[in-house]
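In: make a model of this:
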Amino acid sequence: MLTITPRRRPRLLISLLLGLTVSIAQAAPALPAPTDTLRNVADTCRAAAPTTTVPATMPATAASVPVRLRPLSELRLDTLPHIHPRDAQGRITDYTVAPGETWHYDKPKPFSWAYHIPRDLGQFPGYAFRRENSSSLISLAAASVALWAADQAIIDWSQDFGKFISLEAASTQKSLVHIPFRVGSANLPLEFNVPDNLNSTFYYLGDGWTHLTVASSFWIYGGIKKDNRALRTSSELGEAIFSTGLVVQGLKRLTGRQSPFTSSKERGEWHLFPSYSRYQSSVPSYDAFPTGHLATAMATVTVIAENYPEYHFIRPVGYSLMGLLGYAMLNNGVHWASDYPVGIALGYAFAKIAVRNGRTRVDAPTEADPTAHGTGFRVLPRPRAWYRRGQLAPYNYGPFTGASWSIRL
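Out: A predicted model of the protein is given here:
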């Protein structure tokens, strides 16, 4: 048993302090490196020769086993998520979002989203009606029919609950900007409105101005930071929102379903194929199915979540806001619950198509690949734009001779 006498106490204290100092000095190299250090390692890893070496492990003591070394080429950049190096032009084009998952984004051309809309519309049937989607399509139809059967009960319960919690059902807004504009008999004013009660605030989450503001924010950030992913996200948002809107408006004008607040019977009437003048004379009487607000909101959430998968909060937050929007439209009588499934599915599909066409997966190099000892990145060739895929070929059919031009989407 060790007995500590008063004379030994100062010596013991000095020994403990020296031992603690040595332990801290030995443990310091094992602490995680800050972000700037990791970026320096990433830059060094790309620029250094394969023969350059870095220490793989630190010695346990100041003078023990020799240090084991490994080449820099073994330190793969795709094992360092959230580090996105800039290219020779100073732009960020390759994004490692998880170990082994890297995406390449080209800088989009101005207004490229506009001439990508026909391509997306052409790809939609082949994407949505694939054999592997058959179970999803059946579930979508079953959910719509089940909700249609319960539409009136759902609307009544939602509005009764709104009264119970004193949530004003009226969807009222204040107009900050209003510029009259007419095209023939159609009244299409340019206006910017803001909500003036809580239910209207929830309803405003699906307004086109909200989503265009989100898209513009990505465009501004991408331009300032030279961030191609943000620029592509902005372009894909415009692409998905307008593609979704075109299909939704087409379905509205084909089905002609009454909105709840104008319905003349339970669950509303369906006036199939209403004329243009009849539709424009009383839009709420014909435009309930499907929902455009939730379709646009789903497109926005999906595009952002697909391009930023490392941020896991995007979908929970987005879907929660969509839930508030969905309830607000039941409370103010703008939509039936059965209007939701098809609208949400359309927004999701067009968002997936836009994202699929807007980025390229970067494969990890193999040992036989000459780039395996380089940066670890290889950009796959991008397909030509849809409008450049046309092929001119001669034909001879009986007495007819000529040439045909075909395009494959």
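In: ok, which stretches of the stretch 301-409 of the chain are strands?
Out: 360-362, 391-397, 400-406 (DSSP state E, counting those that start in this stretch).
In: how about the helices in the stretch 201-350 of the chain?
Out: 208-225, 228-255, 276-281, 292-307, 314-331, 340-358 (DSSP state H, counting those that start in this stretch).
In: can you list the residues that contact the first one?
Out: Applying CB atoms under 8 Å, 6 or more residues apart in numbering, the external contacts of helix 208-225 come out as 92, 192-193, 204, 227-235, 237-238, 241, 245, 296-297, 299-300, 304. Backbone N, C-alpha and C define where each C-beta goes, glycine included.
In: the same query, at a cut-off of 6 Å, please.
Out: With contact meaning CB atoms under 6 Å, 6 or more residues apart in numbering, helix 208-225 is reached by 230, 231, 233, 234, 237, 238, 241, 296, 300.
In: cool, and the third one?
Out: With CB under 6 Å, 6+ apart as the contact definition, helix 276-281 has outside contacts at 253, 286.
In: now tabulate the helices of the stretch 201-350 of the chain in a markdown table and tack on mean pLDDT.
Out: Shown next, in a markdown table, are the helices of the stretch 201-350 of the chain (pLDDT from 0 to 100):
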| stretch | mean pLDDT |
| --- | --- |
| helix 208-225 | 92 |
| helix 228-255 | 95 |
| helix 276-281 | 90 |
| helix 292-307 | 96 |
| helix 314-331 | 95 |
| helix 340-358 | 95 |
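In: tell me which of the ones you listed is the most buried.
Out: helix 292-307 (a mean of 25; mean count of other CB atoms under 10 Å).
In: which strands and helices lie in contact with that helix?
Out: Judged by 3 or more CB pairs under 6 Å, 6 or more residues apart in numbering; DSSP states H and E, helix 292-307 is in contact with helix 228-255, helix 314-331, helix 340-358.
In: redo those helices as JSON lines? Include distance to residue 167.
Out: Shown next, in JSON lines, are these (distance: least, CB to CB, whole Å):
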{"stretch": "helix 228-255", "distance to residue 167": "27"}
{"stretch": "helix 314-331", "distance to residue 167": "6"}
{"stretch": "helix 340-358", "distance to residue 167": "19"}
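In: so which of those helices comes closest to residue 140?
Out: Closest approach to residue 140 among these is made by helix 340-358 (5.4 Å; CB to CB).
In: and the closest one, what does it pack onto?
Out: Counting by 3+ CB pairs under 6 Å, 6+ apart, helix 340-358 packs on helix 112-128, helix 134-149, helix 228-255, helix 292-307.
In: so for residue 323, which of these sits nearest?
Out: Using CB to CB, the nearest of the helices and strands packed on helix 340-358 to residue 323 is helix 292-307, at 9.9 Å.
In: make a markdown table from the helices and strands packed on helix 340-358 and add distance to residue 352 to it.
Out: Output for the helices and strands packed on helix 340-358, formatted as a markdown table (distance: least, CB to CB, whole Å):
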| stretch | distance to residue 352 |
| --- | --- |
| helix 112-128 | 7 |
| helix 134-149 | 12 |
| helix 228-255 | 9 |
| helix 292-307 | 7 |
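In: picking that back up, closest to residue 174 out of the helices and strands packed on helix 292-307?
Out: Per CB to CB, nearest to residue 174 of the helices and strands packed on helix 292-307: helix 314-331, 17.1 Å.
In: that closest one vs helix 340-358, what angle?
Out: 150 degrees (axes from the mean of the first three to the mean of the last three CA atoms, to 10 degrees).
In: contacts for helix 314-331, please.
Out: 155, 158-159, 162, 169, 199, 202-203, 205-206, 297, 301, 304-305, 335.
In: and what of stretch 155-171?
Out: 197, 199, 200, 203, 260, 330, 331, 332.
In: which one of these sits closest to residue 359?
Out: residue 203 (32.8 Å).
In: need the contact list for that closest one.
Out: Per CB under 6 Å, 6+ apart, neighbours of residue 203: 171, 328.
In: just residue 242 next, same as before
Out: Contacts of residue 242 (CB under 6 Å, 6+ apart): residue 117.
In: just residue 293 next, same as before
Out: With the criterion set at CB under 6 Å, 6+ apart, residue 293 makes contact with residue 206.
In: same question for the one 3 residues further on.
Out: The contact partners of residue 296, by CB under 6 Å, 6+ apart, come to 211, 241.
In: 10 Å instead?
Out: 205-208, 210-212, 237, 240-242, 244-245, 248, 325, 343, 346-347, 350 (CB atoms under 10 Å, 6 or more residues apart in numbering).
In: wait, which of the helices of the stretch 201-350 of the chain is closest to residue 390?
Out: Closest to residue 390 of the helices of the stretch 201-350 of the chain is helix 340-358 (CB to CB; 17.6 Å).
In: ok so, going back, from the contacts of helix 314-331, which one has the minimum pLDDT?
Out: Across the set of the contacts of helix 314-331, residue 169 stands lowest in pLDDT, at 84.
In: count of residues packed around it?
Out: Applying other CB atoms under 10 Å, we find 17 other residues in the vicinity of residue 169.
In: hmm, back to that, which one of the contacts of helix 314-331 is nearest to residue 313?
Out: residue 305 (9.6 Å).
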